[in-house]
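Trainee: A predicted structure for the sequence below; I have some questions about it.
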Amino acid sequence: MAINYGSKRLVVGAHYGLRDWLSQRVTAVVMALFTFVLLLQVLTPGPLGYDKWAGIFAQQWMKVLTFVVVVSLAYHAWVGMRDIWMDYVKPVGLRLVLQVATIGWLVGCAGWAVQVIWRL
């Protein structure tokens, strides 16, 4: 005969905060490393103009790195905005509309950024 003490408590969302916190830190590190790599390329000797920028982003590894950063930036922004909507917007319908609009905006911006990167 099993005796259960206390009430059954359904814990929803356990450890999601840690995952979001860690994803914010990881994406921030990716963006910081990209900034460092880009600064190294820009600070090399030579005139800073369109030709230098086009040369930097013409390399395939730089396009891939930039794509990874664009995805990281979009996810970083999504986690932050989703937390803002969840914390400060209480009506569920309005929160859903804002979240869907945020996803649409971020996907649109990421798609546009990818088009720009691969046009060079």
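Mentor: The structure has been received and is ready for your questions.
Trainee: drop to CA atoms for contacts and neighbour counts, all remaining ones
Mentor: OK.
Trainee: Check which residues of the lowest-mean-pLDDT helix or strand in the chain are buried.
Mentor: Ranking every helix and strand in the chain by mean pLDDT, DSSP states H and E puts helix 50-58 at the bottom, with a mean of 91. Going by neighbour count (16 or more other CA atoms under 10 Å), the buried part of helix 50-58 is Ile56, Phe57.
Trainee: now for that helix, which elements pack on it?
Mentor: helix 16-42 (3 or more CA pairs under 8 Å, 6 or more residues apart in numbering; DSSP states H and E).
Trainee: low-scoring stretches of the protein, by residue?
Mentor: In the predicted model of the chain, residues 1-16, 120 satisfy pLDDT under 70.
Trainee: Report how many residues lie close to Ser23.
Mentor: By the criterion of other CA atoms under 10 Å, Ser23 has 16 neighbours.
Trainee: tell me the secondary structure for the residue lying closest to it once chain neighbours are set aside?
Mentor: Using CA to CA, 6 or more residues apart in numbering and skipping residues adjacent in sequence, the residue nearest Ser23 is His76, 7.4 Å away. Put simply, His76 is helix when judged by DSSP: H, G, I helix; E, B strand; the rest coil.
Trainee: I figured His76 was touching Leu22, is that so?
Mentor: No - applying CA atoms under 8 Å as the test, His76 and Leu22 come out as separate, 10.5 Å apart.
Trainee: ok, the two, which is more surrounded?
Mentor: Shown here are His76 and Leu22; by other CA under 10 Å, His76 has more neighbours (19 against 12).
Trainee: ok, back up a step: tell me what angle the least confident helix or strand of the chain forms with helix 16-42.
Mentor: Between helix 50-58 and helix 16-42, the angle comes out at 140 degrees (axes from the mean of the first three to the mean of the last three CA atoms, to 10 degrees).
Trainee: CA atoms of helix 50-58 as PDB?
Mentor: The C-alpha coordinates for helix 50-58 follow below in PDB (Å, rounded to 0.1, in the frame of the first residue of the first chain):
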ATOM      1  CA  TYR A  50      33.600  49.400 -50.700                       C
ATOM      2  CA  ASP A  51      36.400  47.200 -52.200                       C
ATOM      3  CA  LYS A  52      37.700  46.300 -48.800                       C
ATOM      4  CA  TRP A  53      34.300  45.500 -47.400                       C
ATOM      5  CA  ALA A  54      33.400  43.500 -50.500                       C
ATOM      6  CA  GLY A  55      36.700  41.600 -50.200                       C
ATOM      7  CA  ILE A  56      36.000  40.800 -46.500                       C
ATOM      8  CA  PHE A  57      32.600  39.300 -47.200                       C
ATOM      9  CA  ALA A  58      33.500  37.700 -50.600                       C
END
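Trainee: Please consider this matter closed, and thank you.
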